[in-house]
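Engineer: 3D model of this:
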Amino acid sequence: MSSSFGQIFRATTFGESHGGGVGVVIDGCPPRLPIAVEEIQRDLDRRRPGQSRLVTQRQEADEVEILSGVFEGVTLGSPIALLVRNTDARPQAYDHMKDVFRPSHADYTTQAKYGVRNWQGGGRSSARETIGRVAAAAIARALLRRVAGVEVLAWVSSVHEIDAVVDLDSVTLDDVEATPTRCPDPEAAARIEAAIDAARRAGDSLGGVVTCVARNVPVGLGDPVFDKLDATLGGAMLSLPAAKGVEIGSGFAGTRLTGLVHNDPFEPGPDGRPITTTNNSGGIQGGISNGADVVLRVAFKPTGTISSEQKTVDRDNNPVTLAAKGRHDPCVLPRAVPLVEAMTLLVLADHYLRQRAVDVLPPLDG
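Structural biologist: Next up is the predicted model:
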């Protein structure tokens, strides 16, 4: 079972939803990077449960501990270990699902693959695993900001049939954090909040889309074949719980355009390199970043664990009816925002360091 992501900036997560704790070990972070525990905690606070009535009511402070790799406020270049202890685990709440497979969840597939599973909250399949990703990405954020001024920002752009209108160029973190929905369009945010609340009361769930923009991404990140930047981003996003689709730039809408309309024309830029006048490519051409904003969208399905009755089977293949109990998100979108940011940051940090490894060679003569 692989739990590692990245080639140079490499994050390995560990822990289960209702075990002693969850966390991450980060290899490959350069030394002398200033990092404070408050920076990591800030991103974890955006991911944690119990933030509002729109999300799971599990009450976890998610306080991070730095166990190694940081000394006197800077990274050492050695492995960085980060731990968050579980303090509000209630494994007994899942007793009624011990021998039952939840529809559209990882219960059956995990049991079929490994012959054993942690049924307490889903174990490794729980979204609680993503704490390690967000913690590692906080360090990636500090690295990218310091070396290149990169800014990564995500927000909820749709839930169910409600679409937000957001200006990619001007949206800010304050706009995103203004409501518990993390939708920066106030009118859409109010409708989304009401829809999620109604789904929760009805014992149902909703899905939607998170949009993410990465600004000031250096030119040249990514490779032209299997390690295209958009290919790595796509795999990273689909590794997130409940993620079912990814678009880069114009995405599927681009199929409705002609090449003449869709192509991004170049013009001379102010710093001696060309820039594009449009960004249908989403900042990536031929698998390599071109200096424009990297823009992506991630589709998340409705939460699989709901309190309404559903038909399923038990481990002996007997038909049963399940009405799940426990604390679950009626819509993952508000808490998926920092997850999409996290995977974008991990991808960009890894590709940045990989590019630096190439850049150390002197140019060839001639």
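Engineer: look up the closest residue to Val320, ignoring the ones flanking it.
Structural biologist: Asp314 (5.3 Å; CB to CB, 6 or more residues apart in numbering). Quick note: C-beta positions are derived from backbone N, CA and C, even for glycine.
Engineer: okay, and the beta partners of that neighbour?
Structural biologist: Here Asp314 sits in beta bridges with Val100, going by DSSP bridges.
Engineer: and it, what does it touch?
Structural biologist: 99-101, 320 (CB atoms under 8 Å, 6 or more residues apart in numbering).
Engineer: with respect to Asp223, which of the residues you listed is nearest?
Structural biologist: Phe101 (40.0 Å; CB to CB).
Engineer: what about that closest one, distance to Ser205?
Structural biologist: 17 Å (CB to CB, to the nearest Å).
Engineer: again with Glu267
Structural biologist: For Glu267, the distance to Ser205 - CB to CB - is 46 Å.
Engineer: how about Ser68?
Structural biologist: Going from Ser68 to Ser205 by CB to CB gives 39 Å.
Engineer: the more surrounded of those two?
Structural biologist: Neighbour totals were compared for Ser68 and Ser205, and Ser205 leads with 24 against 14 (other CB atoms under 10 Å).
Engineer: now do the same contact list for the more buried one.
Structural biologist: By CB under 8 Å, 6+ apart, the residues touching Ser205 are 199, 302-304, 306, 328-331.
Engineer: which of those fall within helices?
Structural biologist: Within those, residues falling in helices by DSSP state H are Ala199.
Engineer: the contacts of Ser205: which two are farthest apart?
Structural biologist: Greatest spacing in the contacts of Ser205, by CB to CB: Ala199 and Gly304 (13.4 Å).
Engineer: by contact count, what packs against the host helix or strand of Val134?
Structural biologist: According to DSSP states H and E, Val134 maps onto helix 130-148. The elements that helix 130-148 packs onto, with contact taken as 3 or more CB pairs under 8 Å, 6 or more residues apart in numbering; DSSP states H and E, are strand 10-15, strand 21-27, helix 37-47, strand 80-85, strand 151-159, helix 333-359.
Engineer: now the ones you listed as CSV including mean neighbour count and mean pLDDT?
Structural biologist: Shown next, in CSV, are these (neighbours: other CB atoms under 10 Å; pLDDT from 0 to 100):
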stretch, mean neighbour count, mean pLDDT
strand 10-15, 20, 96
strand 21-27, 22, 96
helix 37-47, 18, 94
strand 80-85, 22, 96
strand 151-159, 24, 98
helix 333-359, 23, 95
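Engineer: in TSV, list those along with distance to Ser126.
Structural biologist: Listed next are the helices and strands packed on helix 130-148 as TSV, based on distance: least, CB to CB, whole Å:
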stretch	distance to Ser126
strand 10-15	9
strand 21-27	9
helix 37-47	13
strand 80-85	13
strand 151-159	21
helix 333-359	12
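Engineer: so which of the ones you listed is nearest Leu238?
Structural biologist: Per CB to CB, nearest to Leu238 of these: helix 333-359, 9.5 Å.
Engineer: just how off-centre is the closest one within its chain?
Structural biologist: Averaging C-alpha positions (CA atoms, centre = their mean, to the nearest Å) puts helix 333-359 10 Å from its chain's average.
Engineer: what's the angle between it and strand 10-15?
Structural biologist: Orientation check (axes from the mean of the first three to the mean of the last three CA atoms, to 10 degrees): helix 333-359 against strand 10-15 gives 150 degrees.
Engineer: can you give me the distance of Gly115 to Asn318?
Structural biologist: Counting by CB to CB - Gly115 and Asn318 are separated by 19 Å.
Engineer: make that Leu345, sorry
Structural biologist: When Leu345 is compared with Asn318 (using CB to CB), they lie 45 Å apart.
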